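Trainee: Here is the input, now give the coordinates:
(one chain, ligands or ions: 2)
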Amino acid sequence: MKAVVLRGPGDLALLDVPQPSCPPGHAVVRMTHCGICGSDVRYLRGDNPWAKQTLGEKRPNPSNIILGHEASGVVERVADDVDPKWVGKRVALVAFGTCGTCEFCRTGREQLCPNTQHLGHGAGWTDSPYCYGGMAEYVPILASWLQELPESVDNLAASVLDPLGVAVHAVRRAIRRPGFSLLVVGAGPVGALAVPVARGFGASRVTVVDLQDAALRVAIAMGADETVIGSDAELSFRALAANDGRRFDAILDTVGAPIGVYLPLLERGGTMVTLTVRDEPQTWPTQWLAGERTLTSSCNFGWEDYEWAVRMLSEGTVDPKPMITHRFPLVQAVEAFQVAENKDRSGAVKVVLEGATGLELG
Ligand SMILES: [Zn+2]
Ligand SMILES: [Zn+2]
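Mentor: Ligands and ions are numbered 1, 2, ... in the order given. Coordinates of the predicted model:
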């Protein structure tokens, strides 16, 4: 089968690889859609963003990763010990499974489990020639990671469930009171999805900051009240002006901006959540945390967040179509990655690969 294989840092290729087997407890899914995530671009560069954000560690990647963790498809076959009702169902693939026994899993904080196995990167894969992922014609997956899709959610929309889960988790970490105002830094996929998610959770006003005009137009289409372009010293004044001169109750930093740029815009009692931790030291006065301000990070999502994500898609609280800016067939994956990497020129927010399924889905 065709698969998008990251053989080593910077070495991405469309290859013919063996069909995956279907061991006990597993299903094999025929991929229809798989999004390219910002983290996929970072894996391509040799970085390991999962280890960095979740474990706070630098870890090398194994070779032969089939990238992709934002996948949807149709169940092709299941192992003998799996309910055959799954065959033919339209599904989203939950991109990781947790151990279920560690302290974090036992306390409903699955996103912090250190013993996870992931689709699309090296975590948890041992003696397999490939780390399997969604950018392939077929994907092996534990049947317990399958999410059946409601009638109202097509396979294209379902491919955003992973970043939508991330956005839901981050927004829920930031909410301190009903009617909160939110500043989103970065109008990439998670930033764009955070806009309707925050609305769904009762935000009164959502302002989005980005360097790119095209991305901000998408943020408006996703429901942002105000957008602010740029990164210069004047930006913080313009962001405050966009919020009627008031500081923000919540700030989501999706890009890992220097703390000093945005933390001073946080209102007393507010929370700033960063989704991209950095390893360079920064200097800033803890006085900026006075007035019970909280600075924290957010990684991945827990199962409850994922349930919210499915509900928000099926009820129409979130319509992801405006942010899906580019679609390519799987066989043009290398070109698609160039579009995703060069979003300054391409205006890409979310690039989605489509499988050669012969089915009209989404
Ligand atoms: Zn992702
Ligand atoms: Zn665990």
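Trainee: And ligand 1, is the helix or strand bottoming out on mean pLDDT in the chain touching that?
Mentor: Least confident helix or strand, the chain: helix 49-50 with a mean of 75, by mean pLDDT, DSSP states H and E. No. Helix 49-50 lies out of reach of ligand 1 by Cβ under 5 Å from the ion, never closer than 8.9 Å. (C-beta placed from N, C-alpha, C; glycine too.)
Trainee: What is that helix packed up against?
Mentor: Helices and strands touching helix 49-50, by 3 or more Cβ pairs under 8 Å, 6 or more residues apart in numbering; DSSP states H and E, are helix 38-44.
Trainee: What count of nearby residues applies to whichever residue of the chain sits closest to ligand 1?
Mentor: Nearest residue of the chain to ligand 1, counting by Cβ to the ion: Cys37, 3.0 Å away. As a burial measure, Cys37 scores 25 neighbours (other Cβ atoms under 10 Å).
Trainee: what residues are up against it?
Mentor: 69-70, 162-163, 189 (Cβ atoms under 8 Å, 6 or more residues apart in numbering).
Trainee: what about it, distance to Trp50?
Mentor: Using Cβ to Cβ, to the nearest Å, one gets 11 Å for the distance from Cys37 to Trp50.
Trainee: try Glu341
Mentor: 19 Å.
Trainee: what about these two, which has more around it?
Mentor: Just comparing Glu341 and Trp50: by other Cβ under 10 Å the higher neighbour count belongs to Trp50, 24 against 18.
Trainee: Could you list the paired strands of the longest strand along the chain along with their orientation?
Mentor: Longest strand in the chain by number of residues (criterion: DSSP state E): strand 26-36. Partner strands for strand 26-36, per DSSP bridges, with pairing direction: strand 71-78 (antiparallel), strand 138-142 (antiparallel), strand 350-354 (antiparallel).
Trainee: what number of residues lie near the residue nearest to Asp40 when sequence neighbours are not counted?
Mentor: Spatial nearest neighbour of Asp40, chain neighbours left out: Leu67 (5.0 Å); criterion: Cβ to Cβ, 6 or more residues apart in numbering. By other Cβ under 10 Å, the residues close to Leu67 number 28.
Trainee: Let me see the contact set for Leu67.
Mentor: 4-6, 12, 40, 43-44, 120-121, 133-135.
Trainee: Do you have the helices of the stretch 151-300 of the chain handy? List them.
Mentor: Secondary structure of the stretch 151-300 of the chain (DSSP state H, counting those that start in this stretch): helices at 155-158, 161-174, 189-200, 213-221, 235-242, 259-262.
Trainee: for those, which one sits closest to Gln282?
Mentor: helix 259-262 (5.4 Å; Cβ to Cβ).
Trainee: Report all helices and strands that that closest one contacts.
Mentor: helix 235-242.
Trainee: isn't Gly186 right up against Asp253?
Mentor: Yes. Applying Cβ atoms under 8 Å, one finds Gly186 in contact with Asp253, separated by 7.2 Å.
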